[in-house]
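**Q** sequence unavailable; structure follows:
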């Protein structure tokens, strides 16, 4: 959706020429309703949307936990605007001065969404933590309700993916060793260190990775009530 009809028409035409089905929306409310119904794979919006903004739209979609890819575009491309776009949860942010580039970015996200979901790439959505394994990015909900992106290493993404696939259930260190480290020579202490590093990197959401004494680690929808009292070892 775009507040400039001539720009919207160009983007829509470009996407349809590439074989994509496009739903056009005139308001943020209309777009949000379509997203809630699960009627699209990618949400693309201008930052300026009349009474609301693309930032607010993306923030709402992200806070509701919809597993959809999101693209923001604008004429006002600057470091602060880019940072805000990433913070609220946009996968792509691009200037619309070059319509073909907007089309290309949206098409790329659509192709990612169309690809057959696998356990290794499906979004993991929790109350205060969302994980996008395809881009190795986690989104952490801060106290001001903003979503902060956290960029993960391949190992960190694999670790979160494994815990997320077993959400609410403990995963033992031997299982993590087999599935994340692929049976490489890794000591239990090294796994503990990596888990604690990941907790620290996730900030307030790090408490959602719980240590279950004698059983392993568990990714929970709620953080531990007292993260400072985590126990090491399994």
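**A** That came in fine, so what should we check first? Everything numeric here is computed off the predicted structure, so don't read it as measured data.
**Q** I'd like the next helix or strand past the strand or helix carrying residue 105.
**A** Per DSSP states H and E: residue 105 is located in helix 99-114. As assigned by DSSP H and E, the chain's next helix or strand after helix 99-114 is strand 124-125.
**Q** need the next SSE after that following strand, C-terminal direction.
**A** strand 129-132.
**Q** now do that following strand: distance to the chain's middle.
**A** The chain centroid and the centroid of strand 129-132 are separated by 5 Å, computed with C-alpha atoms, centre = their mean, to the nearest Å.
**Q** likewise for stretch 18-36?
**A** On C-alpha atoms, centre = their mean, the centre of stretch 18-36 falls 20 Å from the chain's centre.
**Q** distance between the ends of it?
**A** 25 Å (C-alpha to C-alpha, to the nearest Å).
**Q** may I see the buried residues of that stretch?
**A** 20, 22, 25, 28, 31-32, 35 (16 or more other C-beta atoms under 10 Å). Using the backbone N, CA and C atoms, a C-beta is placed for each residue, glycine as well.
**Q** dump those to TSV, plus distance to residue 169.
**A** Output for those, formatted as TSV (distance: C-beta to C-beta, whole Å):
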residue	distance to residue 169
20	38
22	40
25	39
28	38
31	36
32	33
35	30
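**Q** among these, which ones are in strands?
**A** The members of the buried residues of stretch 18-36 all map outside strands under DSSP state E.
**Q** quick one: buried residues of whichever strand or helix holds residue 157?
**A** Secondary structure assignment for residue 157, by DSSP H and E: helix 154-165. Within helix 154-165, the residues scored as buried using 16+ other C-beta under 10 Å are 156-164.
**Q** good, we can wrap up now.
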